[in-house]
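Asks: heads up, no residue letters with this:
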């Protein structure tokens, strides 16, 4: 079973930009209550969509990750960016239930 | 189809408390909620729930969720799409399942109001935010504006003052009469906060991200962040479809939390009770489950 993975400045290129399958990166922070509320939904979705979608979490509070948060101009979290072949193809801002997140994602990638 | 005595729709403080009481009355019940914890989970501080003088909204509601789970209550994260049937035989259709229930409690809460001005949608996540708790830290040493003047706006301004260099509070009324005096007093002491009363926003503008707002008197303020905290409105879709009696979209509930439809009860922020607090939501949830328990006892 594949839970979400931790994305950091070190593994961002390998796990996200060079991934063979689409990757959803959740930019979050420990003080953000809705981010904490999202976490179980992301874990479940990650298991459900194993092989079709990778889900990673990037803690914007960790100093070494802040360059990435700045590169991707994160000003609101939870902030989820869907990467495919190294490019952002969808951005989702704000708390979502698991089902509505899945619906948002299936607009741009095949999850069936 | 799975059958229940009671299905509670909503998993905020009202729904969760209804669940705790239902469990202790030994009712066969299910909670269906889209987001575990409800709207208060976003609050950065709750200081007025008895025994909790300083707890995050998330921790408070997670304690409630755990309480339900300890009592072996079932919480399904699903979205209710349609309710049909009548008392003692309701059918609740969600995005996943269909359930049968004798009684229903609607604890469907409220959603955040949007401002409906130019630039609001365009700059969402690029300077426009509806969650100060989430985003305050991204505005370190910047100038921001909070729109609104109720408790959520005033507490947002206080939190932002911990990070930002200057916080305007733009409010259309002439004083903070809606907010709790204890918060207002803290706000007045904070030198970084400048309230501007009798002001409406006309536009949020920027380039890649927000650079300012225009007020209704055409005055412009340079800000990099706009936090919209103008209150909430009820989630009215289900209640309208059911034909429930409402007052400004809030469900009219009686002393036993009953609605005008037999077998359907309402609790929490969705009802026409004017005090929208965790404690009143919890109390209404408790009353609703108790009424249902007593009704079921008489009917059986």
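Replies: That came in fine, so what should we check first? Computed from a predicted model, the values in this text were never measured in an experiment.
Asks: Tell me the residues of chain A that contact chain B?
Replies: Where chain A comes near chain B, counting by Cβ under 8 Å from any Cβ of the partner chain, the residues are A:29, A:31-37, A:40-41, A:61, A:73-79, A:91, A:93-95, A:97-100. C-beta coordinates here come from the backbone N, C-alpha and C atoms, glycine included.
Asks: hmm, 7 Å instead?
Replies: A:29, A:31-37, A:73-77, A:79, A:93, A:95, A:97-99 (Cβ under 7 Å from any Cβ of the partner chain).
Asks: mind listing the helices in the chain by residue range?
Replies: All of this is about chain A. Along chain A, counting by DSSP state H, helices occupy A:12, A:33-48, A:66-71, A:98-106.
Asks: Chain B was what I was after
Replies: Going by DSSP H, chain B shows helices at B:13-24, B:57-70, B:132-135, B:151-161, B:181-189, B:237-242, B:278-299.
Asks: Any part of the third one near chain A?
Replies: Think helix B:132-135. Yes: remark: helix B:132-135 sits within contact range of chain A at B:133-135, by Cβ under 7 Å from any Cβ.
Asks: Determine the set of other helices and strands touching that helix.
Replies: helix A:33-48, helix B:151-161 (3 or more Cβ pairs under 7 Å, 6 or more residues apart in numbering or on different chains; DSSP states H and E).
Asks: From the contact counts, what lies against the shortest one?
Replies: Going back to what we said before, that points to helix B:151-161. Counting contacts by 3+ Cβ pairs under 7 Å, 6+ apart, helix B:151-161 packs against helix B:132-135, strand B:143-147, strand B:166-170, helix B:181-189.
Asks: and the angle from the second one to strand B:166-170?
Replies: Here the directions of strand B:143-147 and strand B:166-170 differ by 20 degrees (axes from the mean of the first three to the mean of the last three Cα atoms, to 10 degrees).
Asks: quick one: average confidence on strand B:143-147?
Replies: Across strand B:143-147, pLDDT averages out at 98.
Asks: how far out from the middle of the chain is it?
Replies: On the basis of Cα atoms, centre = their mean, to the nearest Å, strand B:143-147 sits 22 Å off its chain's mean C-alpha point.
Asks: Parallel or antiparallel, list what pairs with it.
Replies: Partners of strand B:143-147 in the sheet, by DSSP bridges, are strand B:166-170 (parallel), strand B:225-228 (parallel).
Asks: Between those strands, which one is closest to residue A:83.
Replies: strand B:225-228 (26.2 Å; Cβ to Cβ).
Asks: And the average pLDDT for that closest one is what?
Replies: The model assigns strand B:225-228 a mean pLDDT of 97.
Asks: do the same with stretch B:68-83
Replies: 95.
Asks: Is chain A within reach of it?
Replies: Yes: contact between stretch B:68-83 and chain A, assessed by Cβ under 7 Å from any Cβ, occurs at B:77, B:79.
Asks: Residues in contact with that stretch: which ones?
Replies: The contact list for stretch B:68-83, computed with Cβ atoms under 7 Å, 6 or more residues apart in numbering or on different chains, reads A:97-99, B:9, B:11, B:16, B:19-20, B:23-24, B:29-34, B:36, B:65, B:90, B:92-97, B:104, B:238, B:242.
Asks: Of those, keep whichever come out buried.
Replies: Among the contacts of stretch B:68-83, those classed as buried by 16 or more other Cβ atoms under 10 Å in any protein chain shown are A:97-99, B:9, B:11, B:16, B:19-20, B:23, B:29-34, B:36, B:65, B:90, B:92, B:94, B:104, B:238, B:242.
Asks: Between the residues of helix B:132-135 next to chain A, which has the least confident prediction?
Replies: residue B:133 (87).
Asks: can you pull out the strands in the stretch 1-150 of chain B?
Replies: B:2-9, B:29-33, B:74-77, B:80-86, B:89-94, B:98-106, B:110-112, B:128-129, B:143-147 (DSSP state E, counting those that start in this stretch).
Asks: any idea which of the ones you listed is most buried?
Replies: Greatest average neighbour count among these goes to strand B:128-129 (a mean of 28), per mean count of other Cβ atoms under 10 Å in any protein chain shown.
Asks: Off-centre distance for that one?
Replies: 18 Å.
Asks: Then stretch B:72-86?
Replies: Using Cα atoms, centre = their mean, the offset of stretch B:72-86 from its chain centre is 19 Å.
Asks: For that stretch, measure first residue to last.
Replies: 28 Å (Cα to Cα, to the nearest Å).
Asks: just to revisit the earlier point, so which of the strands paired with strand B:143-147 is the most packed in?
Replies: Of these, strand B:225-228 is the most buried (mean count of other Cβ under 10 Å), at a mean of 27.
Asks: Distance from that strand to the middle of the chain?
Replies: The answer for strand B:225-228 is 19 Å, by Cα atoms, centre = their mean.
Asks: From chain A, how far off is the residue most central in space within chain B?
Replies: Most central in chain B under Cα atoms, centre = their mean is residue B:39, positioned 3.5 Å from the mean C-alpha point. Taking Cβ to the nearest Cβ, to the nearest Å as the measure, residue B:39 falls 10 Å from chain A.
Asks: where's the residue nearest to that residue when sequence neighbours are not counted relative to residue A:78, distance?
Replies: Nearest residue to residue B:39, sequence neighbours excluded (Cβ to Cβ, 6 or more residues apart in numbering or on different chains): residue B:109, at 5.6 Å. Here residue B:109 is placed at a distance of 19 Å from residue A:78 (Cβ to Cβ, to the nearest Å).
Asks: burial count for the closest residue to residue B:283 other than its chain neighbours?
Replies: Distances taken as Cβ to Cβ, 6+ apart place residue B:17 nearest to residue B:283, at 7.7 Å, with adjacent residues excluded. As a burial measure, residue B:17 scores 28 neighbours (other Cβ atoms under 10 Å in any protein chain shown).
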